[in-house]
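Undergrad: return a 3D structure for these sequence lines:
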Amino acid sequence: MASTETSTPIKESGQGQDLAGLEAGLDALESGTGPTRTPVSQVLVQKVLPPLTAVLLVLVVWQALVSFKIVDDPTKLPAPSAVWDEVSEAWLQGTLLEYIWTSVSRGLLGFLFALAIGTPLGLLVARVRFVRAAIGPILSGLQSLPSVAWVPPAVIWLGLNNQMMYAVILLGAVPSIANGLVSGVDQVPPLFLRAGRTLGATGLKHTWHIVLPAALPGYLAGLKQGWAFSWRSLMAAEIIASSPDLGVGLGKLLENGRNASSMSLVFLAIFLILIVGIAIDLLIFSPLERRVLRSRGLLVKS
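TA: Numbering: from 1, shown residues only. Have a look, this model is predicted:
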């Protein structure tokens, strides 16, 4: 009997501590206060140093393969210095930034077009049952279709011009954006939707103020994947379609290296394609993703 009496206060004390901790966490979330800003030195050590170390390791291994004659055929694996010579030559000729801008401007503009089409399409599929039954499987099939498959019909339909490039980008990115939004809407708790209707949010107001904010994490994942498909589609189109009117983008630069049997030029094109993809993710999508997750209390500042 005595043990029962003594265990009850201990249990109540533990529950009281849990409730106090929960209340403190909610107060901190409501007040918007969090840890102090991370020092620049800590950011450099945690975020910048690891990828730089990985790149340095790759360069060391690459140079070792060439120096120790493990791969002694420069037509298969050029030395890092040969690729750097290609960078220097393109920079001195003033063509390096032109290669990058030709592809980046096409990719971003095509992605904006895909965003304008994929967002309302995704909302329509997510909110209208008949449209989902009719179009949903088609969107999933289009998303799994390789982007390169659209290049030949786009060339036949539109010719060798920028419109063909944008068509390939749209066909590659729109399904990903729409499916991402559909997935985000499907994960919205029904309680949010009922609460919005109770507060008078109906029609477009319900979609704008309730559905889209709640579906934002899934939608953002769809946008990120949509950009990846846009960039891959554009590279496929630039490699296959060749015309003086199209200029020289990164995909065309890669094809030029293959035609000239210049592995240093091929490696240069591959590295530039990779760098642009990483830069867009780090500068645009990763900050947006962190901001959305942090606003929902799903990511703690570190």
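Undergrad: only C-alpha atoms from now on, for both contacts and neighbour counts.
TA: Fine.
Undergrad: would you state the strands of the stretch 201-302 of the chain in chain order?
TA: For the stretch 201-302 of the chain, strands defined by DSSP state E, counting those that start in this stretch do not occur.
Undergrad: hey, where'd the helices end up in it?
TA: Here the stretch 201-302 of the chain has its helices, by DSSP state H, counting those that start in this stretch, at 203-206, 212-214, 216-240, 250-259, 263-280, 286-295.
Undergrad: need these in JSON lines (columns: distance to residue 158, mean pLDDT and mean neighbour count).
TA: Formatted as JSON lines, these follow (distance: least, Cα to Cα, whole Å; pLDDT from 0 to 100; neighbours: other Cα atoms under 10 Å):
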{"stretch": "helix 203-206", "distance to residue 158": "36", "mean pLDDT": "71", "mean neighbour count": "12"}
{"stretch": "helix 212-214", "distance to residue 158": "35", "mean pLDDT": "80", "mean neighbour count": "18"}
{"stretch": "helix 216-240", "distance to residue 158": "13", "mean pLDDT": "90", "mean neighbour count": "23"}
{"stretch": "helix 250-259", "distance to residue 158": "19", "mean pLDDT": "92", "mean neighbour count": "20"}
{"stretch": "helix 263-280", "distance to residue 158": "26", "mean pLDDT": "92", "mean neighbour count": "18"}
{"stretch": "helix 286-295", "distance to residue 158": "35", "mean pLDDT": "83", "mean neighbour count": "15"}
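Undergrad: reformat those helices as CSV; add distance to residue 64.
TA: Formatted as CSV, those follow (distance: least, Cα to Cα, whole Å):
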stretch, distance to residue 64
helix 203-206, 61
helix 212-214, 51
helix 216-240, 31
helix 250-259, 24
helix 263-280, 17
helix 286-295, 34
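Undergrad: among those, which comes closest to residue 161?
TA: Evaluated over the helices of the stretch 201-302 of the chain, closeness to residue 161 peaks at helix 216-240, with 10.6 Å, by Cα to Cα.
Undergrad: which outside residues touch the closest one?
TA: Identification of contacts with helix 216-240 by Cα atoms under 8 Å, 6 or more residues apart in numbering yields 103, 106-107, 110-111, 115, 147-148, 151, 165, 168-170, 172-185, 249-252, 254-255, 277, 281, 285, 289, 292-293.
Undergrad: what's the longest helix in the protein?
TA: Ranked by residue count and defined by DSSP state H, the top helix of the chain is helix 96-127.
Undergrad: just the CA atoms of the helix or strand following it, as CSV, please.
TA: Heading C-terminal from helix 96-127, the first helix or strand you meet, by DSSP states H and E, is helix 129-144. Taking C-alpha atoms only, helix 129-144 is exported to CSV below (Å, rounded to 0.1, in the frame of the first residue of the first chain):
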residue,chain,number,x,y,z
ARG,A,129,-12.0,13.2,-58.9
PHE,A,130,-13.0,12.7,-62.5
VAL,A,131,-9.9,14.6,-63.8
ARG,A,132,-7.7,12.5,-61.5
ALA,A,133,-9.1,9.3,-62.8
ALA,A,134,-8.7,10.5,-66.4
ILE,A,135,-5.3,12.3,-66.3
GLY,A,136,-3.6,11.0,-63.2
PRO,A,137,-2.2,7.7,-64.7
ILE,A,138,-1.1,9.6,-67.8
LEU,A,139,0.9,12.1,-65.7
SER,A,140,2.6,9.2,-63.9
GLY,A,141,3.4,7.6,-67.2
LEU,A,142,4.8,10.8,-68.7
GLN,A,143,7.0,11.3,-65.7
SER,A,144,8.6,7.9,-66.1
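Undergrad: so which elements touch helix 129-144?
TA: Contact partners of helix 129-144 among helices and strands, from 3 or more Cα pairs under 8 Å, 6 or more residues apart in numbering; DSSP states H and E: helix 96-127, helix 162-186.
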